[in-house]
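Visitor: Structure, please.
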Amino acid sequence: MSIVVCTPGGPAQDALVEAGQEQARQAGRDLVLVRHVKLPGFEHDVDQEMTAAADVRTQLEATATTVSERGVSCRALVVTSGDDNPSTALLEAVADAEASLLVIGIRARSRVGKLLLGSTTQDLLLAAGRPVLCVPVEARH
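Guide: Below is the predicted model:
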């Protein structure tokens, strides 16, 4: 069993990794950092898409190495799909990792935003099938 952190990258990643690392340390579990990359399909530049996925993997693996150097066993996992909504791919990764806890970021949205926009966070909360730790992260402009 492991602790899984679903990270969108960027500034929110640090807070999520820190929270996941602490949970993994306390529980004596491995940490798995998961990030989704959208690969829209063959009508786009496949080489560019694969390069983008490889770049994300390299960045996430560097973070996993840093966490491992701090004493928590950690690995990186990049999942891909052609969907605008990465929930299914992320939930499969969480299940495959046999996560005992899922760590995700949450941020404030307006009422209109909640009504009009789908939410990967909401999908993960409702379908995770395991405890979820929600870490407040604010989008930085």
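Visitor: Tell me which helix or strand comes right after the least confident helix or strand in the chain by mean pLDDT.
Guide: None of the helices or strands of the chain scores lower by mean pLDDT, DSSP states H and E than helix 111-116, at a mean of 62. Next helix or strand after helix 111-116 toward the C-terminus (DSSP states H and E): helix 120-127.
Visitor: So which elements touch that next one?
Guide: The contact analysis (3 or more C-beta pairs under 8 Å, 6 or more residues apart in numbering; DSSP states H and E) places helix 120-127 against helix 87-96, strand 99-106, strand 132-136. Every residue, glycine included, has its C-beta placed from N, CA and C.
Visitor: What residues sit buried inside it?
Guide: 120, 121, 123, 124 (16 or more other C-beta atoms under 10 Å).
Visitor: swap in stretch 82-89?
Guide: By neighbour count on 16+ other C-beta under 10 Å, the buried set for stretch 82-89 is 86, 87, 89.
Visitor: Likewise for stretch 61-68?
Guide: Neighbour-count burial for stretch 61-68, counted by 16+ other C-beta under 10 Å, picks out 61, 63, 64, 67.
Visitor: Please produce JSON lines containing those residues, extended by distance to residue 11 and secondary structure.
Guide: Shown next, in JSON lines, are these (distance: C-beta to C-beta, whole Å; DSSP: H, G, I helix; E, B strand; the rest coil):
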{"residue": "61", "distance to residue 11": "19", "secondary structure": "helix"}
{"residue": "63", "distance to residue 11": "13", "secondary structure": "helix"}
{"residue": "64", "distance to residue 11": "18", "secondary structure": "helix"}
{"residue": "67", "distance to residue 11": "17", "secondary structure": "helix"}
